[in-house]
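Q: kindly return the folded structure for what I paste below:
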Amino acid sequence: MVPGVEVALMPIAAKPVPVVAVRADEARRTGLDAARILAALGIVWTHANADAEYASPAAMGRFAVPFFSVVAGIFLVDTLRNTSWSDVKTFLIRRAAKLYLPFIAWTLIYIAFRMSASMVVSVKDPFQVRWWLPLTGSMYHLWFLPFLLIATLILTPLLVLALRRRAWSLIVAAVLITGGLLIVRFPFRVSVVHTSDHLYFLDRISARSPALLWGTAIGLLVASDPRSWRIPRFMAIVGFGITAFCMGVYWQNGRTPWAANLGGVGWLLVGLGIDRTSLSRWLAPLGRLSYGVYLIHPLIIAIVYKLWAVQHWPQGPLEITTAFFAATLVSVGATKFIKSRKSLAWLTP
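A: Numbers count the residues shown, from 1 in each chain. Next comes the predicted model:
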């Protein structure tokens, strides 16, 4: 879910410019790709703990969406760094298509699934058309795509202006960091967090926007291509420690906005720290499937839990573990299949 970057090479005087071929895998950050798939698995784990309370083992995956938000903010700045005012409209149109067309498609897929399921078995939450459907979609996780699109529409003009001068970039970064801290301190909350309505959407964006704002600020503060960032290896251990500590706080205390968002920043350090290691190179190809895993896995989890209930098998760790592994394997396989078909690849960009 990170936008690509187009770079134009301009000739210097009449001097020939040597062309250096760069492999596609070298142009990416293997560490960030590895961190993406592990974060995606964290989301699968959280959702596999169906209707789990916040203070539960499900909390161990709460860093994941903030991590994706941080990375989205960083690469939004990187993309806009070379975007002029005249190109902003084109960028926003492409960004809207990349985010919202898959949102529409998966909303329809989940509607079809729920309506078909209701004809065969009893469905706890039958689908109903509501005015907030364009924001929340038809499944609890789809809110993230409209959230990214709205954030992009709001932040893009500000960032294009801020990137004109270094001083402006620093000022805007300070404002974004402060804004994230204020949202963490005074979050918007609803009493029923599993209801996919407009209040649920506001609750979700309040809970996850601090990480997006901080990621955008990081992109402004570090004025270079994120693909060139290098940090010492030990920072991966530091980042893992931060994330583990934050998730422990979340587990013990229940919903803790600062812990979730800071955990996402910690996971960013993990991704940067393990870059170009054997572990990251091994996991990187799977990381490129993380968008699809995020979009598909709730469908598999729902099927597993329904089959489990039909068989009257006892609830517990075995049910959760089965849902987790089934959702992981099927969503990875389905994403690979979708990406292999040109006509379907847009469903999991």
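Q: so residue 140 touches residue 297, yeah?
A: No: contact criterion CB atoms under 8 Å: residue 140 and residue 297 do not qualify, at 11.6 Å. Backbone N, C-alpha and C define where each C-beta goes, glycine included.
Q: tell me which residues touch the residue lying closest to residue 133 once chain neighbours are set aside, please.
A: Leaving out its chain neighbours, the residue that sits closest to residue 133 by CB to CB, 6 or more residues apart in numbering is residue 107, at 7.0 Å. Counting by CB atoms under 8 Å, 6 or more residues apart in numbering, residue 107 touches 133, 137-139, 142.
Q: same question for residue 285.
A: Neighbours of residue 285 in contact, by CB under 8 Å, 6+ apart: residue 33.
Q: now do the one helix or strand it maps to: distance to the chain's middle.
A: Using DSSP states H and E, residue 285 sits in helix 278-287. Centroid displacement of helix 278-287 relative to its chain, using CA atoms, centre = their mean, to the nearest Å, is 18 Å.
Q: do stretch 279-290 as well
A: Using CA atoms, centre = their mean, the offset of stretch 279-290 from its chain centre is 15 Å.
Q: give the buried residues for that stretch.
A: 280-281, 283-284, 286-290 (16 or more other CB atoms under 10 Å).
Q: what is the nearest of those to residue 208?
A: When the buried residues of stretch 279-290 are compared for distance to residue 208 (CB to CB), residue 290 wins out at 16.3 Å.
Q: quick one, what contacts the spatially most central residue of the chain?
A: Centroid check for the chain by CA atoms, centre = their mean gives residue 68 as the closest residue, at 3.4 Å. By CB under 8 Å, 6+ apart, residue 68 lies in contact with 1, 36, 39, 144, 264, 294.
Q: and for residue 166?
A: Contact analysis of residue 166 by CB under 8 Å, 6+ apart lists residue 223.
Q: what does residue 81 give?
A: residue 163.
Q: which residues in the protein form helices?
A: 24-27, 30-48, 64-80, 85-118, 133-136, 144-162, 166-185, 198-221, 234-253, 257-273, 278-287, 290-310, 317-339 (DSSP state H).
Q: need those in TSV with distance to residue 348, can you?
A: What follows is the helices of the chain, written out as TSV (distance: least, CB to CB, whole Å):
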stretch	distance to residue 348
helix 24-27	18
helix 30-48	12
helix 64-80	14
helix 85-118	7
helix 133-136	20
helix 144-162	12
helix 166-185	29
helix 198-221	21
helix 234-253	26
helix 257-273	20
helix 278-287	13
helix 290-310	3
helix 317-339	5
